[in-house]
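Student: below: sequence and its predicted model.
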Amino acid sequence: MNQPWRTLTPGKRVVVRRRLGPDEELLYSDVLGELLVVDDDGVLIETRRGQVHVPGHDIALAKVVPPAPARRPRRD
């Protein structure tokens with residue numbers, strides 16, 4: 001079984017496309033953030049909303065993405 005997510009390096013910003021369950025309306029969902037852990041169980045990603053564990057068997061795609069753009073100051 002091909003597991004390209006195993007070659008990802010912790011500390012990088014990544015996007016992981018995960019398969020959702022058969023009862024879900026959509027087939028996939030993307031998880032975007034800093035990769036914290038890659039192990040036999042899958043990956044752990046720090047997102048804006050907190051840490052998300054994606055089991056290896058749910059990973060459809062995974063890749064490194066560029067750093068997030070700087071936030072613009074609010075206009076009043």
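Tutor: Here it is on my side, so go on.
Student: OK, contacts around residue 56?
Tutor: 3, 5, 40, 41, 42, 43 (C-beta atoms under 8 Å, 6 or more residues apart in numbering). In short, each C-beta sits where N, CA and C put it, glycine included.
Student: can you select the buried ones from those residues in PyMOL?
Tutor: Applying 16 or more other C-beta atoms under 10 Å to those, the buried members can be selected in PyMOL as follows:
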select buried, resi 5+42+43
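Student: which one of the contacts of residue 56 is nearest residue 11?
Tutor: residue 43 (12.5 Å; C-beta to C-beta).
Student: ok, and the closest non-adjacent residue to that closest one?
Tutor: Spatial nearest neighbour of residue 43, excluding adjacent residues (C-beta to C-beta, 6 or more residues apart in numbering): residue 54 at 5.2 Å.
Student: what is the burial count for the one you found?
Tutor: As a burial measure, residue 54 scores 20 neighbours (other C-beta atoms under 10 Å).
Student: ok, now the one 3 residues further on?
Tutor: Look at residue 57: counted by other C-beta under 10 Å, it has 11 neighbours.
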